[in-house]
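Would you be able to build a 3D model of this:
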Amino acid sequence: MSKKAELTHDSILKAAQDVLHQHGVRGLTLDKVAKQAGVSKGGLIHHFSSKDALLLAMLNCVFEDMTTQLDRLLLEEPDLGQKGRFLRAYMRINLETIEQGIPSFILNLLELASVKPDLFQSKREFFADMQTKVENDGLDPVLATILAGASDSLWLQVLFGILEPSHPQIRTVHNRLIQMTQ
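Have a look, this model is predicted:
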């Protein structure tokens, strides 16, 4: 892909995030995305052949970003053989996401899971793989699952506006969860 095509592709994805945030999954149309991105509908279709292809590309970006963050945090874990290493990196992703601000379009992507569950099939496999890694991280699998779930719960409480990202208990609870992996 040429540099110009890559920029257009990225611009369309950003516009789609904006449209998704403004109108939700049901209100996202290729026409709205094209207009927001400043491209023709034909130009948009050149990059994404359908609404589903565009939504899947948006999902893929979220999961690619999460994988990149996880790889970075795994490298920061001091002892490669230490139990709980993967779980700590996973929980740190949640905390970083809370502290840096959860992108608003993530809530819309959760809506997508109920509206178009077939698009989420490959992502279910991603999370099943994550769960397997949590369970095989050297800790008691039940404890590891509880800790991952508690970390996810904090993230979801912020996403749904139950807790403010700056709530002091978030970091305190997260630190305690991290301690419980050692």
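
Contacts only, for the residue nearest the centre of the chain.
What sits nearest the mean C-alpha location of the chain, by CA atoms, centre = their mean, is residue 62, with 4.5 Å. Taking CB atoms under 8 Å, 6 or more residues apart in numbering, we find residue 62 in contact with 106, 109. To be clear about C-beta, it is placed using only N, CA and C from the backbone, and glycine gets the same treatment.

which stretch of helix or strand covers it?
helix 51-76 (DSSP states H and E).

Going along the chain, name the helices of this structure.
Along the chain, counting by DSSP state H, helices occupy 3-27, 30-37, 41-47, 51-76, 85-100, 105-115, 121-135, 141-159, 168-179.

Averaged pLDDT, the second one. What do you get?
If you average the pLDDT over helix 30-37, you get 94.

what sits up against that helix?
Residues from elsewhere that reach helix 30-37 (CB under 8 Å, 6+ apart): 8, 11-12, 14-16, 18-19, 23, 40-41, 43-45, 48, 50-51, 54.

From the contact counts, what lies against the lowest-mean-pLDDT helix or strand in the chain?
Least confident element among the helices and strands of the chain, by mean pLDDT, DSSP states H and E: helix 105-115 (a mean of 76). Other elements packing on helix 105-115 under the criterion 3 or more CB pairs under 8 Å, 6 or more residues apart in numbering; DSSP states H and E are helix 3-27, helix 51-76.

Nearest to residue 107, out of those helices?
helix 3-27 (8.4 Å; CB to CB).

If you count neighbours, what's buried in the closest one?
Neighbour-count burial for helix 3-27, counted by 16 or more other CB atoms under 10 Å, picks out 8-9, 12-20, 25.
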